[in-house]
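Chemist: only geometry, no sequence info:
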C-alpha cells in the first residue's frame, strides 16, 4: 500500500530514526477521516482539532498540511491504491527528535504519515454494551485531543473483545460517564439530548462537535453534563458518534433501550440532512 | 549509532511497517537502564516490571528477551559504539500489527529496540521545584508501568523547562502527590520515610522498588501514602529516585529543605551500600 510519509509517496514501510518520538513516547496526534462518495468528510473539523492539539503539545505542523492539500492528497492516495468505495484516511503527526533530553522534545517540527484504506459500513446497532472495569479516564489538558499516547483505548478495545461486547463505556475517576472505546456517547431522556462534557475527560470528537454545532443551528437544546452511570441507564435512547457515523445502543448491562434506533433515525433526519 | 532492532544490529534508522502500533497508538513499554562501571544496574527489577507490564497489556515478549541476554547485548552495544564511561540503555517493546482493527491489537508479539548512549552523572541537587499546573495523573491498571503512551510526561517536561524549574511534582485528580517528571519522590518527616503509594497513579519505579526492598531488609520503616501537596511542604527532607540515582530537592515553591542533602547522604549510606 502506498502512503505519504512526510509528504512523499512510500510503500509499505517507513524509515524511522532510532530516536523517533512516536516509538519512544507516543509524542503525537492523529485524525481518522471518513471518505464517502469519493470525498473526505468533516475535514475542517479534523484540521481544526489537529491544529489546536498541535498547539497544546508545542508541535509545529508543516506548511503542506492544510485542508485543501490534505483533501487532494487523500483522493490521490485513493487512486494510487485503487480504492473506489467507502474508505478511511488516517493522518498521524508526531514530533521529530530535534532535541532529545529524556521526555523533553522542544517545539519541534512534525513528521506526518497519511494512510488510506477501504472500510465497511458501520453496523446500525450495538446490542451488548457494558462499562469498563479496567480503564478509567480523567480530565486534563490533552484529554480532548486524539493523541498517539492511546494505550487506554487499546486496553479498552481488548477488554471489550474479551468480554464479547459490542461496545464499552468508559468512566472517569469520579465515576462520571465519559465516552466509548472509539466514539463519543449521546443519550436522550424526556426529549432532551445529553452528552458528557469535555470536563469528564472525553475526547472532543469531530462528529460530536459537528452534532452540537448542528443542534445550535437548528435550535435543538442539548446539555453537556457530568453524570454517573445510573443516569444513562435511565435514558430513553442511547447512541454513539464518531467520524464514521452514528450507531444506536440497544442494551447496557440489563438496561434495554428499544427506542434507540427509532429516536436516532429522527436525530439523523434532523441533524445530518 | 548501532542499535538492536528485533535482535539484529541496525544503524541509525529502523524500518517500521505503515501500521506500526507504536506510531499509531503508543502501544508498548520501555525501560531505561543505568550502566555503571561497565555493568547494567537493577536488571532483575527492570525485567520484572517489563514482564508484568507486558502481561498487563497482553504482549508476548520474544524468547531472546531475558536478563542474561539483555546484559550481554547491552555490553556488546557499548563496545560496538565505543562507549567506555557511564551510559544508559533504553529498551523499547511494542506490539506488532498482527491484527489491526482500530485500537484492538490482539495478543501479539513484540518488536524490540535496544539503544545505548553515554550519559553524564546526575546533579546532586534540584534547587527550584514546583507543582505542575498542566499535568494531572490518575490511578488505573497501567499507571505503575512505563508505557510509550507517555505524553503526560512529555508535557510535564515541557512545562518544567518553560517555567525554568529543575523539577516538577505531579498531582493526581484528588490532589495527591504522585511523582516527578521522570522520577519517584520520597520525603522524610520526623525521621519517617514516605513515598506516594502506587494507588496515587505514580509509576512503580525500579529504584523505588529497590529502595523499599532495601528498607525491608534493613528493618527501616517507611510508609506508602496518599497525601496532599501541603504534607510534603512540611517535610524535613525531600528527594527523587529513578534508575539513574537519587537527587536531593532543596526547595519546593517557597518551602526550603536545607537538610535534604545531608539526610539523603545518610539514606544512601544505609540503603545503597
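Modeler: Cool, the structure landed. Here the structure is a predicted model, which is why all the values come from computation and not from measurement.

Chemist: which residues does whichever strand or helix holds residue A:55 contact?
Modeler: Using DSSP states H and E, the element containing residue A:55 is helix A:43-57. With contact meaning Cβ atoms under 8 Å, 6 or more residues apart in numbering or on different chains, helix A:43-57 is reached by A:27-29, A:31, A:33, A:60-61, A:65-67, A:70-71, A:91, A:93, A:95, A:110, A:141-142, A:145-147, A:204, A:206, A:209-210, A:243, B:151, B:154-155, B:158. (C-beta placed from N, C-alpha, C; glycine too.)

Chemist: average pLDDT for the helix or strand that that helix is followed by, rounded please.
Modeler: Downstream of helix A:43-57, the next assigned helix or strand under DSSP H and E is helix A:67-80. Per-residue pLDDT values over helix A:67-80 give a mean of 97.

Chemist: number of nearby residues for the closest residue to residue A:97 other than its chain neighbours?
Modeler: Distances taken as Cβ to Cβ, 6 or more residues apart in numbering or on different chains put residue A:19 closest to residue A:97, at 4.1 Å, once the chain neighbours are dropped. Applying other Cβ atoms under 10 Å in any protein chain shown, we find 19 residues neighbouring residue A:19.

Chemist: what about residue A:19, which helix or strand?
Modeler: Residue A:19 belongs to no helix or strand, assigned by DSSP H and E.

Chemist: which pLDDT value does the model give it?
Modeler: 93.

Chemist: residue A:100 now?
Modeler: 69.

Chemist: and the helix holding residue A:55 with helix A:67-80, angle?
Modeler: With axes from the mean of the first three to the mean of the last three Cα atoms, to 10 degrees as the basis, helix A:43-57 and helix A:67-80 are set at 110 degrees to each other.

Chemist: restricted to buried residues, select the contacts of helix A:43-57 in PyMOL.
Modeler: Applying 16 or more other Cβ atoms under 10 Å in any protein chain shown to those leaves a buried subset, and the PyMOL line that selects it is:
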select buried, (chain A and resi 27+28+29+31+33+61+65+70+71+91+93+95+110+141+142+145+146+147+204+206+209+210+243) or (chain B and resi 151+154+155+158)
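
Chemist: can you report phi and psi for the spatially closest residue to residue A:104 that is not a sequence neighbour?
Modeler: Leaving aside its chain neighbours, residue A:104 sits nearest to residue B:157 (3.9 Å; criterion: Cβ to Cβ, 6+ apart). Per-residue torsions, residue B:157: phi -60, psi -40 (degrees, to the nearest 10).

Chemist: number of nearby residues for residue B:157?
Modeler: Using other Cβ under 10 Å: residue B:157 sits among 22 other residues.

Chemist: hang on, it packs against residue B:183?
Modeler: No. With contact defined as Cβ atoms under 8 Å, residue B:157 does not reach residue B:183; the gap is 11.6 Å.

Chemist: ok and the residue in chain A nearest chain B?
Modeler: At 2.7 Å from chain B, residue A:26 is the closest residue in chain A, using Cβ to the nearest Cβ.

Chemist: quick check on that residue: phi, psi?
Modeler: According to degrees, to the nearest 10, residue A:26 has phi 60, psi 40.

Chemist: now for the closest residue to it other than its chain neighbours, how many residues are close by?
Modeler: Using Cβ to Cβ, 6+ apart and skipping the chain neighbours, the partner closest in space to residue A:26 is residue B:26 (2.7 Å). Using other Cβ under 10 Å, residue B:26 has 30 neighbouring residues.

Chemist: what sits against residue B:26?
Modeler: A:22, A:25-26, A:147-151, B:147-151.

Chemist: and those, which of them are in helices?
Modeler: A:22, A:25, A:151, B:151 (DSSP state H).

Chemist: switch these over to TSV; also include distance to residue A:257 and pLDDT.
Modeler: Converted to TSV, the ones in helices among the contacts of residue B:26 look like this (distance: Cβ to Cβ, whole Å; pLDDT from 0 to 100):
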residue	distance to residue A:257	pLDDT
A:22	39	97
A:25	41	97
A:151	30	98
B:151	35	98
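
Chemist: and the two most separated of those?
Modeler: Spatially, the most separated pair among these is A:22 and A:151, at 13.1 Å (Cβ to Cβ).

Chemist: could you pull out the helices in chain A for me?
Modeler: So, for chain A - with DSSP H - the helices run A:21-25, A:43-57, A:67-80, A:151-162, A:206-217, A:229-233, A:260-271.
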